[in-house]
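Asks: Mind folding the following:
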Amino acid sequence: MAGQEQKSGRRLEGWKEIAAYLNRRPRTVQGWEKEFGLPIFRLQGRTYADCGELDRWLAEHKTVTAAAVASEEPVAAGRGWMWWGVAGVALLLMAGLYWWQRAGAAVAYAVQGKTLTMRDRDGREVWRYELPTAPPEEKRGEHTAARGTFADVDGDGRQEFLYRYWPTDLGKENSGVFCFREDGTVRWMFRPGKALAMENGGLVTELYRAEQVGLLAKARPDGGRVVVMSNHSWDWPGQVAVLTAEGVEVEEYWHPGWLFSMVVTDVDGDGAEEILAGGVNNAYGDGEGHGATLVVLDARDVRGQGSVPAGYQLRVKGVPTGREKRVLLFPEFARNTNANYYCHVAQVRTAGKGGVELVISQGFGEEIYGYPYAHVQLDGELRVRRVLPGARLAELLDATLRVNERTPAARGELYRRAVGKARGL
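Replies: Residues are numbered from 1 along each chain as shown. Now for the predicted structure:
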């Protein structure tokens, strides 16, 4: 028994070492992982396996390994060649029948009515789950984050599926984030937000939309790893919550306005991850109270509430001001008579080696590029490097220059002043 426990804890590193232990070629072993779920783990770009896990897998997949023996090992010459050939073909057929009957790992999802269905790469159903209500139709595309994402939340090498569940009526029921295991069982379900008492005596109800889910590269000392960004369904607050791999909230940050996009990255290259969330800050900006903003949180310290001017009343009672690493506010570069369309940071995404790119727009969702918008590129220190306005915004800004002044240099300076002149808080 002691020898078995010692073997179970032995770790193999790299495909060559794993293949040697299994007495197979590396290409065969890689195929087993891809097709039959051979337990392989990855950490920081390296490939590992546990001897005990491999032994258990071999015991459960004798048909597959027998087929590999028949197809991979050289056959002996002489009278036995025909028998081995027939046996090899039979074993291969058995392996094929086994694989045909067994669905592979889930790689795609679809929702029809209340039913969430997961399918493998060949379109075969892996599992299904009945949601509490039928979610609104999901519009997938470049401008909207998918409600479902695959992630290894606990670092065990197995992929969980995180699904942002929106109920049929977001005005009456809170949303949530489901975490499913590989077999479709629910590992946990997190409900974002909560009822909030305000400093002005008001009350915010417990109705929130889970907008985006992110994952830290490794768990914090308190176990926090999953990041959920949410907004109230119709009121002002936004929330960034950090959860453990078991779905337990360990920290939260409240923002004075909706947040629309988020990335988790080490933007400044100091070895510590940041949470960058883009949206609006209702306490700043134009007369309607919207200011396009980028909030940068240290992923190790996600507490408090967002910065607002002195005397601003829409603050959560009893919650101190947060310790954001940076808060940037961008100018309102175009006015709209419809108060529902205002400048906001609609998208945040990483941009190559260091830095991020923002899309600031008046439009929402699929309408981001239908209204005046601009791409704003920031370096690792979050300084504006370049502003690229869309055609509609460029036309509006160019109209403020005389024709003979519309040089590339003049345009670049105008764009930086009108769009990229961010101020920090």
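
Asks: now the helices: where do they sit in the stretch 301-425 of the chain?
Replies: Listed in chain order, the helices of the stretch 301-425 of the chain (DSSP state H, counting those that start in this stretch) span 391-398, 408-418.

Asks: Check the chain too.
Replies: 2-8, 15-22, 26-36, 51-60, 62-72, 81-101, 391-398, 408-418 (DSSP state H).

Asks: Let's have the helices of the stretch 301-425 of the chain in JSON lines, adding mean neighbour count, distance to Asn281 and mean pLDDT.
Replies: Glycine gets a C-beta too; all of them are placed from N, C-alpha and C. Compiled in JSON lines, the helices of the stretch 301-425 of the chain are given as follows (neighbours: other CB atoms under 10 Å; distance: least, CB to CB, whole Å; pLDDT from 0 to 100):
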{"stretch": "helix 391-398", "mean neighbour count": "16", "distance to Asn281": "21", "mean pLDDT": "81"}
{"stretch": "helix 408-418", "mean neighbour count": "15", "distance to Asn281": "19", "mean pLDDT": "77"}
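
Asks: where's the closest residue to Val264 other than its chain neighbours relative to Ala277, distance?
Replies: By the measure of CB to CB, 6 or more residues apart in numbering, the closest residue to Val264 outside its immediate chain neighbours is Gly214, 4.1 Å from it. Between Gly214 and Ala277 the computed distance is 10 Å (CB to CB, to the nearest Å).

Asks: Can you work out which residues contact both of the two?
Replies: With contacts taken as CB atoms under 8 Å, 6 or more residues apart in numbering, Gly214 and Ala277 have 229, 262 as neighbours in common.

Asks: Between the two, point out the one with more neighbours.
Replies: Comparing Gly214 with Ala277 by neighbour count (other CB atoms under 10 Å), the higher total belongs to Ala277, at 29 against 24.

Asks: Isn't that one up against Met262?
Replies: Yes - the pair Ala277 / Met262 is scored as a contact, 4.6 Å apart, by CB atoms under 8 Å.

Asks: what do the two both touch?
Replies: Contact criterion CB under 8 Å, 6+ apart; residues bridging Ala277 and Met262 by contacting each: 229, 240, 348.

Asks: ok, how many other residues are close to the first one?
Replies: Going back to what we said before, that points to Met229. Burial of Met229, expressed as a neighbour count using other CB under 10 Å, amounts to 26.

Asks: that older thread, quick one: contacts for the residue nearest to Val264?
Replies: For Gly214, the set of contacting residues under the criterion of CB under 8 Å, 6+ apart consists of 226-227, 229, 262-264, 275.

Asks: Compare these and tell me which has the most neighbours.
Replies: Of these, with other CB under 10 Å as the count, Val226 tops at 29 neighbours.

Asks: Report the beta-bridge partner residues of that one.
Replies: For Val226, the beta-bridge assignment (DSSP bridges) gives partners Leu215, Leu243.

Asks: Could you pull up the residues touching it?
Replies: For Val226, the contacting residues are 151, 153, 162, 179, 213-216, 242-245, 247, taking CB under 8 Å, 6+ apart as the criterion.
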